[in-house]
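>>> below are the sequence and a predicted model; questions follow.
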Amino acid sequence: MTDLSHPSNIRLVYFDIPAKAEPVRLAFHVGGVKFTDERVNGAQWQGMKVEYGQYAQIPLLEVDGRRIYQTVNLILYAALITGLNATNLEDELRLREIILACDDIPNTFSGTFSISNAEERIVARTVLFKPGGRTYCQMKRIEELVGDREYLIGDKLTVADLTVFTNCCMLRCGHFEGFPRDCLDGYPKLKTFV
């Protein structure tokens, strides 16, 4: 059986965009964990899906040959092996709440990728960010969780900090049409945190 706590070979597979895998990438870099950062394009991923079978989804980690799926699972694994985790149960619950709240955002707008008409896709994404829109409400919740803290969990950097940071960067990076680069302007505490 593979000892996941002391891996010798880690491979992270995801697209070359600052999105779901970015907290894992940053955690490994901050924590000094060596890994292969395999960035694929859409055509490469389509070809790889055959190899991965019915559970084909990314991001994914291969740790000493064992495949690990689900974004939040990958982030929590990275936290454990880098030391960027919580140190008590109360903080662990808060850490998970923040990560899961952040994961809701790309899960919400992922439905817009299937809209083939660019104008309709942009309108659908814009609606998500308007006051009362689903992403707007999710961002408000994350802002409440962030508050005025320097670190989100205790007095040290954790994957919760990295996840909020990367999600905010993802939204304003310009990669996704319909997400304005000033999308954090309505969330002053998030903007200050990032």
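That came through, no problem. Since this is a predicted model, take the numbers as computed values, not measurements. Numbers count the residues shown, from 1 in each chain.
>>> starting at the chain centroid, how far to stretch 108-126?
20 Å (C-alpha atoms, centre = their mean, to the nearest Å).
>>> list of residues touching that stretch?
128, 134-135, 138, 176-179 (C-beta atoms under 8 Å, 6 or more residues apart in numbering). Just so you know, the C-beta spots here come from the backbone N, C-alpha and C atoms, and that holds for glycine as well.
>>> quick one: which of those residues is nearest to Ala78?
Among these, Gln138 lies closest to Ala78 (C-beta to C-beta), at 22.5 Å.
>>> now the element after the helix or strand hosting that closest one, going C-ward?
Secondary structure from DSSP states H and E places Gln138 in helix 134-146. Using DSSP H and E, the helix or strand that follows helix 134-146 in sequence is helix 159-172.
>>> which strands or helices does that next one pack on?
helix 22-31, helix 71-82, helix 89-109, helix 134-146, helix 188-193 (3 or more C-beta pairs under 8 Å, 6 or more residues apart in numbering; DSSP states H and E).
>>> pLDDT weak spots in the chain?
Residues of the chain that meet the criterion pLDDT under 70 lie in 1-2, 53-54.
>>> can you confirm Arg67 is in a helix?
No: Arg67 is assigned strand when assessed by DSSP: H, G, I helix; E, B strand; the rest coil, not a helix.
>>> for it, give its distance to Leu4.
Using C-beta to C-beta, to the nearest Å, Arg67 is found at 12 Å from Leu4.
>>> looking at those two now, which is surrounded by more residues?
Shown here are Arg67 and Leu4; by other C-beta atoms under 10 Å, Leu4 has more neighbours (15 against 12).
>>> the closest residue to the more buried one other than its chain neighbours: neighbour count?
Residue nearest to Leu4 in three dimensions, not counting chain neighbours: Val63, with 5.7 Å by C-beta to C-beta, 6 or more residues apart in numbering. Val63 has 20 neighbours, counted by other C-beta under 10 Å.
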